[in-house]
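Trainee: Got a sequence here, can you build the structure:
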Amino acid sequence: MTDTKVENAQTATEPKGDPGHATDEKPILEVRDLHVHYQTTRGPIQAVRGLNFDLMPNEILGLVGESGSGKSTLALALLRMIKDPGKIVQGEIRLDGRDLLSLSDSEMRQVRLADIAMVAQGAMNSLNPVMRVEDQIKDAWADHGVNYGRREADEQIANLLRWVGLRPEVARVYPHELSGGMKQRVVIAIAISLRPRVIIADEPTSALDVVVQRQIISTLRRVQDDLQAAVILIGHDIGLMAQSVQKLGIMYAGKVAEMSPIYEMFDEPLHPYTQMLIDSLPSPDEKAPLKGIPGITPSLLSPPSGCAFKDRCPFAMDQCDTIIPLLEEKRPDRMVACHLYSEEQ
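Mentor: Next up, the predicted model:
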């Protein structure tokens, strides 16, 4: 691994150190044995398969993986927004100790936005094209029983837009009058309008150029710092994650293959899949052919027995064919699901 990749990863951890890992601090979000299936005529597609992780207060957790790894399904499941033919089959999602899967639909509706909110990919799909920005913010408030007088509402909306780097005049325009980056900032503004404790950003920079991507991530991190909220940042770009998050989870075939503080992961990736992902990153300091990962992800309609990565793994062993590796702590604060570390204590 090049020094440039290590330095980029280290940069993400420097502004706020390594918060959220004190021994006396409890997770703000706990996910246990989460399974999400999509029913088809050929059987269930097991999009999320026994997922377990914790999100600490004030932490920025990244989740990356190839298309079809279950990232966006997880995001929807955390907000109880899985629709037919999808279904949360089993598991627990606890927000500050409260099991979200036990709530009624009306109770969960009040939790969304107020306690846990989403910044979705594709801002134009998230905004109503025939409503002004200010009316969409007011709708979000009204749905949670927050009603300001006209002057106070205007002041609150202006402050909210300034918070995400937009002029107050944006309140009076329609989404189609804004650039892609501005629309994404409006989506962030709506998501933080009730000051949630957890923000899920599902590929918030997709379809944006690299300059605007950095601006959106910078806005998200600044807002997160102001709110003292925890963030789950979902995406494909492990290089962008290296500059944005404090801990990174690598998803593969509906499971977490590895989860680690970002600097330690780039310095010493444990799972073979993580190693190959990082090796595939281009380096500005080296002229070398781009590296890919051979093979394709397995079908989740009939997941393979044993390790899902075995057919693409250069270190596959006999037990990989039949035994599913468990996600376990193999280094301090480092979790990996791989038989290469099965003998470690």
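Trainee: any chance you could map the helices in the stretch 51-200 of the chain?
Mentor: According to DSSP state H, counting those that start in this stretch, the stretch 51-200 of the chain carries its helices in the segments 71-78, 105-111, 123-126, 133-142, 150-163, 180-191.
Trainee: Buried deepest among those helices, which one?
Mentor: Mean neighbour count, computed with mean count of other Cβ atoms under 10 Å, is highest for helix 180-191 among the helices of the stretch 51-200 of the chain, reaching a mean of 24. C-beta: built from backbone N, CA, C; applies to glycine.
Trainee: Which neighbouring elements make contact with that one?
Mentor: Contacts defined by 3 or more Cβ pairs under 8 Å, 6 or more residues apart in numbering; DSSP states H and E place helix 180-191 against strand 116-119, helix 123-126, helix 133-142, helix 150-163, helix 210-227.
Trainee: Mind checking the ones you listed for the one nearest to residue 202?
Mentor: Among the helices and strands packed on helix 180-191, strand 116-119 comes nearest to residue 202, with 6.4 Å by Cβ to Cβ.
Trainee: how deep is residue 147 tucked in, by neighbour count?
Mentor: For residue 147, the count of nearby residues is 10 (other Cβ atoms under 10 Å).
Trainee: one step back: mean pLDDT lowest for which of the helices and strands packed on helix 180-191?
Mentor: Lowest mean pLDDT of the helices and strands packed on helix 180-191: helix 123-126, a mean of 78.
Trainee: contacts for that helix?
Mentor: Residues from elsewhere that reach helix 123-126 (Cβ atoms under 8 Å, 6 or more residues apart in numbering): 120, 175, 176, 180, 183, 184, 186, 187.
Trainee: so what's residue 23 scoring on pLDDT?
Mentor: At residue 23, the predicted lDDT confidence score is 49.
Trainee: Turn the helices of the stretch 51-200 of the chain into JSON lines, columns for distance to residue 337.
Mentor: As requested, those are exported to JSON lines (distance: least, Cβ to Cβ, whole Å):
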{"stretch": "helix 71-78", "distance to residue 337": "16"}
{"stretch": "helix 105-111", "distance to residue 337": "30"}
{"stretch": "helix 123-126", "distance to residue 337": "33"}
{"stretch": "helix 133-142", "distance to residue 337": "38"}
{"stretch": "helix 150-163", "distance to residue 337": "39"}
{"stretch": "helix 180-191", "distance to residue 337": "31"}
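Trainee: so where's this structure shaky on pLDDT?
Mentor: Applying pLDDT under 70 to the chain flags the ranges 1-24, 344-345.
Trainee: all strands of it, in order?
Mentor: 29-40, 43-55, 60-64, 86-95, 98-99, 116-119, 198-202, 230-235, 247-252, 255-261, 328-331, 334-336 (DSSP state E).
Trainee: Of all the ones you listed, which one is nearest residue 209?
Mentor: Across those, closest to residue 209 is strand 230-235 (Cβ to Cβ), at 15.3 Å.
Trainee: so how far is residue 223 from residue 196?
Mentor: 11 Å (Cβ to Cβ, to the nearest Å).
Trainee: Residue 275 reaches residue 266, doesn't it?
Mentor: No: using Cβ atoms under 8 Å, residue 275 makes no contact with residue 266, being 10.7 Å away.
Trainee: Those two: which has the busier surroundings?
Mentor: A direct count of neighbours by other Cβ under 10 Å for residue 275 and residue 266 places residue 266 higher, at 25 against 19.
Trainee: Quick check: that one touching residue 278?
Mentor: Yes: the pair residue 266 / residue 278 is scored as a contact, 6.4 Å apart, by Cβ under 8 Å.
Trainee: picking up where we left off before, common neighbours of residue 196 and residue 223, please.
Mentor: Shared contacts of residue 196 and residue 223, counting by Cβ under 8 Å, 6+ apart, come down to residue 229.
Trainee: neighbours around residue 295, how many?
Mentor: For residue 295, the neighbour count with other Cβ under 10 Å is 10.
Trainee: so it sits right up against residue 310, yeah?
Mentor: No: using Cβ under 8 Å, residue 295 is not in contact with residue 310, being 10.1 Å away.
Trainee: give me the number of residues near residue 250?
Mentor: For residue 250, the neighbour count with other Cβ under 10 Å is 27.
Trainee: buried sites along stretch 51-70?
Mentor: 51-65, 68-70 (16 or more other Cβ atoms under 10 Å).
Trainee: Next, the distance between the ends of that stretch.
Mentor: Between the opening and closing residues of stretch 51-70 lies a distance of 10 Å (Cα to Cα, to the nearest Å).
Trainee: Same question for stretch 219-233.
Mentor: Using Cα to Cα, the end-to-end distance of stretch 219-233 comes out at 13 Å.
Trainee: so how far is that stretch off the chain centroid?
Mentor: 13 Å (Cα atoms, centre = their mean, to the nearest Å).
Trainee: Contacts for it, please.
Mentor: In this structure, residues lying in contact with stretch 219-233 by Cβ under 8 Å, 6+ apart are 15-16, 20, 28-29, 55-63, 75, 78, 119, 163-165, 185, 188, 192, 195-201, 204, 217, 241, 244-245.
Trainee: Closest one of the contacts of helix 123-126 to residue 90?
Mentor: residue 120 (25.5 Å).
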